[in-house]
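Asks: Just to be clear, the model below is a prediction. Sequence and coordinates:
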Amino acid sequence: MNDWQSLEVITSLVQARSLRRRVADVAAEIALTEEHVAATLDRLAATRPRDAEQLRAKARAAREFAAIERDRAADYGWPASAEPEPGW
């Protein structure tokens, strides 16, 4: 592998790391938003007894989706142990 190819590999690794971090960040933001949506739906359920069952079901669905997104954020996160080794 020549120097140019090595630089391309390093550049690709840096870009991949950056993209993974961004996916993790966006997934975490989505999870937080879904938790806020769920809390809002719960508050609405408390004030709208006729719609409470449906609103609570939607709140549960939002929390389930938040959990999926938190898992995605963890899957795409870059813990220190996942750093590329020197010389890569």
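Replies: Structure received.
Asks: Quick one: the helices in the protein, in order.
Replies: 3-47, 52-76 (DSSP state H).
Asks: which regions of the protein sit below the pLDDT cut-off?
Replies: Low-confidence segments of the chain, defined by pLDDT under 70: 78-88.
Asks: So for it, the centremost residue is which one?
Replies: Ala27 (1.8 Å; CA atoms, centre = their mean).
Asks: how near is that one to Trp4?
Replies: 35 Å (CB to CB, to the nearest Å). The C-beta positions use only the backbone N, C-alpha and C, and glycine is treated the same way.
Asks: for Ala28, same thing?
Replies: Ala28 is 37 Å from Trp4, by CB to CB.
Asks: coming back round to it: surely the residue nearest to the centre of the chain touches Ala67?
Replies: No - assessed by CB atoms under 8 Å, Ala27 is found out of contact with Ala67, at 11.2 Å.
Asks: how many other residues sit next to the residue lying closest to Asp42 once chain neighbours are set aside?
Replies: Counting by CB to CB, 6 or more residues apart in numbering, Asp42 lies nearest to Ala59, which is 5.0 Å off, once chain neighbours are set aside. When counting by other CB atoms under 10 Å, one arrives at 21 neighbours for Ala59.
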